[in-house]
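Participant: coordinates only, sequence not included:
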């Protein structure tokens, strides 16, 4: 029997992406490959957690890539069949055991619980699970 | 009633951290603030996902900070009471609605499903939920 690390945990989304990208087929592979600007619509019950976010901040958005295949362990990088399969943990493939998306974006504006952000490759409706600041140098913390 | 984004998701850990850090009180706030080297012990049922990881790779480790308080929305940055409270999404506080830890480390060595990595601030026993490559420039992908 396969060994596994006992306890599971529950992710409760804190909001969702509003984007002109309707499906994964439309989405570029990474934000810096031509992804459109988008909105992060946060739930009202976590709005206090946004206090201090301002336009021009660079932030990391964690999403749950809800259409991913969680049993995939190897893929052709970038879906390119001419490249040999590699372990999913060496790629940014959405399909992986825990399909958490990691996106570095710039805040263009904020209006209550709506954040306007640059260049996000997540599709419309993608659940948001966390936001974090990009860390500067140790002296700036 | 608070608006919330309906569906929950289940995180199934893929391994755990083995570290000399026994408790959060011992741990530095970030990996580059003096954190020790550690081991990532991956579960045998995801080992195929590691194919292609090699010594000297820089990777991003996502963990589940299992001791965090998930109802915290504002904190004094770095626990410094002289600094005004800010929203948790502007900090790297472990306490937040979905306590996912984000750690950039270097692979020192790999032996089957055991990865030796540099400077990790997660404590012994912390569940690992994902590994991702650090992305290079577009030309290198």
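Facilitator: That came through fine. Bear in mind the structure is a predicted one, so any value in this text is a computation, not a measurement.

Participant: low pLDDT regions in chain A?
Facilitator: A:1-6, A:141 (pLDDT under 70).

Participant: please redo it, this time with the cut-off set to 50
Facilitator: A:1-3 (pLDDT under 50).

Participant: so where do the strands sit in it?
Facilitator: Counting by DSSP state E, residue ranges of the strands within chain A are A:9-11, A:15-18, A:38-42, A:58-64, A:74-75, A:86-87, A:100-111, A:114-117, A:127-133.

Participant: is it true that residue A:83 touches residue A:77?
Facilitator: Yes - using CB atoms under 8 Å, residue A:83 is in contact with residue A:77, at 4.9 Å. C-beta here means a position set from N, CA and C on the backbone, and glycine is covered the same way.

Participant: re earlier: with distance to chain B and mean neighbour count as extra columns, can I get the strands of chain A in CSV?
Facilitator: As requested, these are arranged in CSV below (distance: least, CB to the nearest CB, whole Å; neighbours: other CB atoms under 10 Å in any protein chain shown):
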stretch, distance to chain B, mean neighbour count
strand A:9-11, 4, 17
strand A:15-18, 5, 22
strand A:38-42, 9, 23
strand A:58-64, 5, 21
strand A:74-75, 6, 20
strand A:86-87, 4, 20
strand A:100-111, 5, 18
strand A:114-117, 10, 20
strand A:127-133, 4, 23
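
Participant: among the ones you listed, which comes closest to residue B:115?
Facilitator: When the strands of chain A are compared by CB to CB, strand A:86-87 sits nearest residue B:115, at 11.8 Å.

Participant: the closest one packs against which elements?
Facilitator: Counting by 3 or more CB pairs under 8 Å, 6 or more residues apart in numbering or on different chains; DSSP states H and E, the packing neighbours recorded for strand A:86-87 are strand A:74-75.

Participant: neighbouring contacts of the strand it packs on?
Facilitator: A:85, A:86, A:87, A:88, A:91, A:93, A:95, B:48, B:49, B:51 (CB atoms under 8 Å, 6 or more residues apart in numbering or on different chains).

Participant: filter those residues to the buried ones?
Facilitator: A:86, A:87, A:88, A:91, A:93, A:95, B:49 (16 or more other CB atoms under 10 Å in any protein chain shown).

Participant: isn't the second one right up against residue B:59?
Facilitator: Okay, so that is residue A:87. No - counting by CB under 8 Å, residue A:87 does not reach residue B:59; the two are 11.4 Å apart.

Participant: isn't residue A:61 right up against residue A:128?
Facilitator: Yes - Residue A:61 lies in contact with residue A:128 (CB under 8 Å); the separation is 6.4 Å.

Participant: common neighbours of the two, please.
Facilitator: Joint contacts of residue A:61 and residue A:128 (CB under 8 Å, 6+ apart) are residue A:40.

Participant: how near is residue A:130 to residue A:82?
Facilitator: From residue A:130 across to residue A:82, the span is 36 Å (CB to CB, to the nearest Å).

Participant: is residue A:58 bridged to anything, and to what?
Facilitator: As for beta bridges, residue A:58 partners with residue A:106 under DSSP bridges.

Participant: what about residue A:30, distance to chain B?
Facilitator: Note on residue A:30: its distance to chain B, by CB to the nearest CB, to the nearest Å, is 7 Å.

Participant: could you find the closest non-adjacent residue to that residue?
Facilitator: Excluding the flanking residues, the one nearest residue A:30 by CB to CB, 6 or more residues apart in numbering or on different chains is residue A:121, at 6.0 Å.

Participant: now tabulate the strands of chain A in JSON lines and tack on distance to residue B:35.
Facilitator: What follows is those, written out as JSON lines (distance: least, CB to CB, whole Å):
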{"stretch": "strand A:9-11", "distance to residue B:35": "23"}
{"stretch": "strand A:15-18", "distance to residue B:35": "31"}
{"stretch": "strand A:38-42", "distance to residue B:35": "30"}
{"stretch": "strand A:58-64", "distance to residue B:35": "19"}
{"stretch": "strand A:74-75", "distance to residue B:35": "31"}
{"stretch": "strand A:86-87", "distance to residue B:35": "25"}
{"stretch": "strand A:100-111", "distance to residue B:35": "20"}
{"stretch": "strand A:114-117", "distance to residue B:35": "30"}
{"stretch": "strand A:127-133", "distance to residue B:35": "17"}
